[in-house]
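Student: got a predicted structure plus its sequence, pasted below:
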Amino acid sequence: MDAFTDIRLKGVSYAFGTHTVLHHIDLHIQPGSVVALLGPSGCGKSTLLRLLVGLAEPAFGEIWFGDRLMAKAGWSLPPEARDIGMVFQDYALWPHMSVAQNVAFPLKMRNVPRAEREQRVMQALERVGLTAFAGRKPAGLSGGQQQRVALARAIVAEPRVLLFDEPLSNLDSALRESLCHEMAQLLRQIGTTAVYVTHDRREAEWLADRIVHLAAGTVESECTVTSSSGEMA
Ligand SMILES: Nc1ncnc2c1ncn2[C@@H]1O[C@H](COP(=O)(O)OP(=O)(O)OP(=O)(O)O)[C@@H](O)[C@H]1O
């Protein structure tokens, strides 16, 4: 694993037809840091995340993960070649597979041998406190448990970069807070560079080292979260 990958966006713009929704974004995300992208609806958070995942191509500019070019105008490395783990708002678990099979999937895709796969799946489930649920189907789990499975699946292959798309917005507020703190702890332990999209300022403060505020497709400001209580410099 390369746990020390930085992310660089250099002059990245994106347009839907003639409607430019991201304007010349310059951003450097330090290796091993957790950055929250925060901003109101329509400011371009999801579009920026889609560019990082590889589901959209910039009109201008370049995106780098470490020393690897991910995308530039007219060219984009496909998502499966980017070595990313992703957690979605709606969990996106496969209902016909058990928890263990869901978590094993990224390892299967990378042709990891069965014995090693089983060991790494159990390690990932242990990290999220779900070893006892390995044989269950997702439908038999609560929303918070399903999101923990999705988190285990995202980290099991030790990707270079973790991307989160409003992962807690389907959960009630008490669960959201506790899971957010758990995720913050886990991200510190594994040290993977992470980008976390949210419109919830508290989540951003609980979880991130830095907060990037987007407004109308531009970086309005950036700030460092200076304490675990979420005070900002
Ligand atoms: N398929 C599309 N076609 C045209 N315009 C789009 C499309 N998808 C998004 N947009 C526009 O792009 C801009 C940025 O949208 P985006 O979804 O990235 O915002 P967001 O900050 O993620 O919003 P939300 O928090 O509501 O998900 C908005 O003005 C939106 O209307």
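Tutor: Looks like it arrived, so ask away.
Student: keeping just the C-alphas, turn the longest helix along the chain into PDB.
Tutor: The single longest helix within the chain, with elements called by DSSP state H, is helix 173-190. The C-alpha trace of helix 173-190 is given here as PDB (Å, rounded to 0.1, in the frame of the first residue of the first chain):
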ATOM      1  CA  SER A 173     -28.300  12.300  14.100                       C
ATOM      2  CA  ALA A 174     -27.100  10.300  17.100                       C
ATOM      3  CA  LEU A 175     -25.800   7.500  15.000                       C
ATOM      4  CA  ARG A 176     -24.300   9.900  12.500                       C
ATOM      5  CA  GLU A 177     -22.200  11.500  15.300                       C
ATOM      6  CA  SER A 178     -21.000   8.300  16.800                       C
ATOM      7  CA  LEU A 179     -20.200   6.700  13.400                       C
ATOM      8  CA  CYS A 180     -18.500   9.900  12.300                       C
ATOM      9  CA  HIS A 181     -16.200   9.800  15.300                       C
ATOM     10  CA  GLU A 182     -15.500   6.100  14.700                       C
ATOM     11  CA  MET A 183     -14.600   6.800  11.100                       C
ATOM     12  CA  ALA A 184     -12.400   9.700  12.100                       C
ATOM     13  CA  GLN A 185     -10.500   7.300  14.400                       C
ATOM     14  CA  LEU A 186     -10.200   4.600  11.800                       C
ATOM     15  CA  LEU A 187      -8.900   7.100   9.100                       C
ATOM     16  CA  ARG A 188      -6.200   8.300  11.500                       C
ATOM     17  CA  GLN A 189      -5.200   4.600  12.200                       C
ATOM     18  CA  ILE A 190      -4.900   3.600   8.500                       C
END
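Student: and this protein, what are its domains?
Tutor: Each domain of the chain is listed here as a residue range: 1-83+160-233, 92-158, per automatic domain parsing.
Student: geometrically speaking, which residue is the centre of the protein?
Tutor: The centre of the chain sits closest to Leu163, judged by CA atoms, centre = their mean, with a distance of 1.5 Å.
Student: right, I'll leave it there.
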